[in-house]
Structure formats: structure tokens, C-alpha cells
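A.B. asks: need a structure here:
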Amino acid sequence: MNRYLIALGSNQRHPRHGLPSMILRAAVDELRGEGVLVEAVSPTLRSRPLGPSLREYANGAAVISTHLDPPELLELLQQVERRFGRRRQGQRWRSRTLDLDVVLWSGGFWADEALVIPHREFRKRDFVLAPAAKIAPDWRDPLTGLTIRHLAARLARPLTRRPPHPR
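C.D. replies: Just a heads-up that it's a prediction; the model follows:
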């Protein structure tokens, strides 16, 4: 079995599922219905959008297990996004009903033309690290060797200014 850390996001209502936080729960249920073992789901948090979207996001994370390899899982996640009304065209970072991203994989690294694991930007994104730290705090980033807990703490820690060196 492969284990994955998946980031969940939504910032649009869905006619059947309702508010973004409810969409995230429905998406996890959809994955279960596809035979994916959902090991843990984080609480939902609210975050400001990146880019041009003005709507606040509901974000979360899930740890899942499946026999699918990374490209097969990506295809499944994109199918689920489409079922929730996601269209992958036009402007990047626009409002969306559902966004499912593979963040980490128990196999370490993966890279092909469609998918890179670990996710390239996850270390810089509190809306990914904060929920992930609730359910997978000890999972290590294969590039830095740091745990999710450590990465989240580094991102949350305010930058401190060092006093000038005395001469």
C-alpha cells in the first residue's frame, strides 16, 4: 500500500454539498467510495486566497492509503475534482469548488510531466502545513529531512531580527 498526504481546498459553494468546509468532507467521502482508505482527516481551517481570487478558502489535509501509484492517484483526484465542478482552464489560483493536491508520498520522490512529489510549494504554505501537522506531524519531507511539525513551526515563527554585531 502507498500512503499519501493530500491537501484539500475549496472556496466556492456547491449546489449539492453546500459550503466549502462541507465540500471537503464530501470529497473525503468520495475518496472512500473509490476504495481509498482514509486514515486521518484534519480539522478544517480558513485561509486567505493566493492570487486573484477574493474568496476565503476552507483548507484541510488527509492521510490516505491505496494501491494506486502516484499517476493513478492523480488521475483519481482530478476525476473527483471534476465531479465537484472543477474545470482546469483559464487563470491559475482562481476560485474553485475543490482542489486536491498530492503533498507527500510514502515512496519519497516522484516526478513526471504531470506530478511532482513532494509538492513544490507546500513548505511555504501555512494552509497546507497547519492542517497536515494535526494528522501527520512526524511525516518527514524527503528533501529537507524535516518533519511536518518542524516545517509548520518554522513557517509560523515570526522572523526575528538579530541585533547588529558589536564592533
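
A.B. asks: Just give me the neighbour total for residue 151.
C.D. replies: 24 (other Cβ atoms under 10 Å). For the C-beta atoms, the positions are set from N, CA and C on the backbone; glycine is no exception.

A.B. asks: Quick check: phi and psi at it.
C.D. replies: Note on residue 151: its backbone torsions stand at phi -60, psi -40 [degrees, to the nearest 10].

A.B. asks: how about low-confidence regions in the protein?
C.D. replies: For the chain, the stretches with pLDDT under 70 are 49-54, 86-95, 158-167.

A.B. asks: all strands for it, in order.
C.D. replies: Taking DSSP state E as the test, the strands found in the chain are 2-10, 37-41, 45-47, 57-66, 99-105, 110-111, 116-117.

A.B. asks: The ones you listed into TSV, with extra columns for mean neighbour count?
C.D. replies: Formatted as TSV, those follow (neighbours: other Cβ atoms under 10 Å):
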stretch	mean neighbour count
strand 2-10	23
strand 37-41	15
strand 45-47	15
strand 57-66	23
strand 99-105	22
strand 110-111	14
strand 116-117	18
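
A.B. asks: Just put those strands in CSV and tack on distance to residue 126.
C.D. replies: Output for the strands of the chain, formatted as CSV (distance: least, Cβ to Cβ, whole Å):
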stretch, distance to residue 126
strand 2-10, 12
strand 37-41, 18
strand 45-47, 7
strand 57-66, 9
strand 99-105, 13
strand 110-111, 24
strand 116-117, 20
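
A.B. asks: Looking at those strands, which is nearest to residue 155?
C.D. replies: Proximity to residue 155 (Cβ to Cβ) singles out strand 45-47 among the strands of the chain, at 12.6 Å.

A.B. asks: which strands and helices sit next to that closest one?
C.D. replies: strand 57-66, helix 126-135 (3 or more Cβ pairs under 8 Å, 6 or more residues apart in numbering; DSSP states H and E).

A.B. asks: The ones you listed into TSV, with extra columns for distance to residue 147?
C.D. replies: Compiled in TSV, the helices and strands packed on strand 45-47 are given as follows (distance: least, Cβ to Cβ, whole Å):
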stretch	distance to residue 147
strand 57-66	14
helix 126-135	9
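
A.B. asks: So for residue 41, which of these sits nearest?
C.D. replies: strand 57-66 (4.9 Å).

A.B. asks: so what strands line up beside the closest one?
C.D. replies: Next to strand 57-66 in the sheet, as set by DSSP bridges, lie strand 2-10 (antiparallel), strand 37-41 (antiparallel), strand 45-47 (antiparallel).
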